[in-house]
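**Student:** The following comprises the amino acid sequence and a computationally predicted model.
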Amino acid sequence: MSVIVPTFNRSDTLPRALASVKSQWPCAPAEIIVVDDHSTDASGDIARRYGARVIRHERNQGAAAARNTGAAAATQPWLAMLDSDDEWLPDHLDVLWRLRDGHVLVSGASMACFDQPGQPPAYAGTIRLRAHTLRSPAALIPVNQLSASGVLVAREAVLAAGGYNTELGYAEDWDLWLRVLERGTGVITPSVVCLYHVHAGSKSRHPEGPAQTHDRIVRSCIGRPWWSSRLLDRWCGLRMWAALEAALAEGRHRQAGVLAASLVARPQRLWAVVARRVQFSLWRRRSRRLAAHDPRVIGALQALTAAVSEERL
């Protein structure tokens, strides 16, 4: 398999990401491709020291374009995606590789690690207890359960789907997984395979961009063979709930009442909200359990804590 790592001025986190690739056992990648998206720091030199094949963009084009460059240059039939500020657990590739047969997409769960002191890590992934099949893109709506750095995907399916959409700016991975799953099935496991680092520079922290892009992605699916009005209702339900919470927080009680009535009037919308609340509750329980009892996760978090403490010293 080929590991694809897009990077732009990440000389501080790229060594951690590449060290996690080099630590993979017993399943090691055939090649590591780092796409340097016109960095002005030492990212390219760092990647070469880790034995990566470096492809440099002559101008900054964004993460989606960098991933497309890596996918086009890869020599292996499977691609393992890793953002340069995230890291894999040592058995990441082994866990996903064993599940790939008959599918075009394989995903594990992640633990989100936050840069705010005292904020505990959070599980993100399927709420089921065992690996299960994603038989349609509909399985990823209204909520994407796949981590951008926790996926193994067939190169042929990525190229056939047209690669990452470079015009989105956010959630390019979710948009691609929806199109990939139009070309075959996927499988998702609750096993944690990577650490997703949430920091001030994370795109997901933008107050408006992600939500607007998510709307655009969902609406682009309308009319596809697997689409249904039920999916749109579920998506609208989550958006209405977010708007209702914002209205209550800002004292706009009349608007909140209108939104609440709209939710109750359409059972599918209300169902999506209830399902999402249940998912959050299960995620919190699993986060606490994994952080306290899973030796793989405990070891990774302890190593991260030690590294952060050493940097502060």
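**Tutor:** That came through fine. Residues are numbered from 1 along each chain as shown.
**Student:** Find the centremost residue of the protein, please.
**Tutor:** S147 (2.2 Å; Cα atoms, centre = their mean).
**Student:** residue contacts, it?
**Tutor:** S107, G108, A109, S110, A124, G125, C194, Y196 (Cβ atoms under 8 Å, 6 or more residues apart in numbering). Every residue, glycine included, has its C-beta placed from N, CA and C.
**Student:** S110 is in contact with the fifth one, correct?
**Tutor:** Yes: using Cβ atoms under 8 Å as the test, A124 is close enough to S110 to be in contact (5.2 Å).
**Student:** shared neighbours of these two, which are they?
**Tutor:** Contacts common to A124 and S110, judged by Cβ under 8 Å, 6+ apart, are S147, Y196.
**Student:** Now do the end-to-end distance for stretch 172-186.
**Tutor:** End-to-end distance of stretch 172-186: 18 Å, with Cα to Cα, to the nearest Å as the criterion.
**Student:** can you put the contacts of S147 in a markdown table and add neighbour count and secondary structure?
**Tutor:** A markdown table is the format used below for the contacts of S147 (neighbours: other Cβ atoms under 10 Å; DSSP: H, G, I helix; E, B strand; the rest coil):
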| residue | neighbour count | secondary structure |
| --- | --- | --- |
| S107 | 27 | strand |
| G108 | 28 | strand |
| A109 | 25 | strand |
| S110 | 25 | strand |
| A124 | 21 | strand |
| G125 | 22 | coil |
| C194 | 25 | strand |
| Y196 | 23 | strand |
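**Student:** would you turn those into CSV with pLDDT?
**Tutor:** Below are those laid out as CSV (pLDDT from 0 to 100):
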residue, pLDDT
S107, 98
G108, 97
A109, 96
S110, 96
A124, 94
G125, 95
C194, 96
Y196, 94
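**Student:** in the stretch 51-200 of the chain, which spans are helices?
**Tutor:** Using DSSP state H, counting those that start in this stretch, the helices of the stretch 51-200 of the chain run over residues 63-73, 92-97, 155-160, 172-180.
**Student:** Flag the shaky bits of this structure, pLDDT-wise.
**Tutor:** Low-confidence segments of the chain (pLDDT under 70): 201-209, 307-313.
**Student:** Y50: neighbour count?
**Tutor:** Using other Cβ atoms under 10 Å, Y50 has 17 neighbouring residues.
**Student:** Please give me every residue in contact with it.
**Tutor:** Counted by Cβ under 8 Å, 6+ apart, Y50 has contacts P15, L18, A19, V21, K22, I32.
**Student:** separation between the last one and H92?
**Tutor:** Put plainly, it is I32. Note on I32: its distance to H92, by Cβ to Cβ, to the nearest Å, is 13 Å.
**Student:** So between these two, which is more surrounded?
**Tutor:** H92 (26 against 22).
**Student:** Verify the contact between L178 and C221 for me.
**Tutor:** Yes: using Cβ under 8 Å, L178 is in contact with C221, at 6.5 Å.
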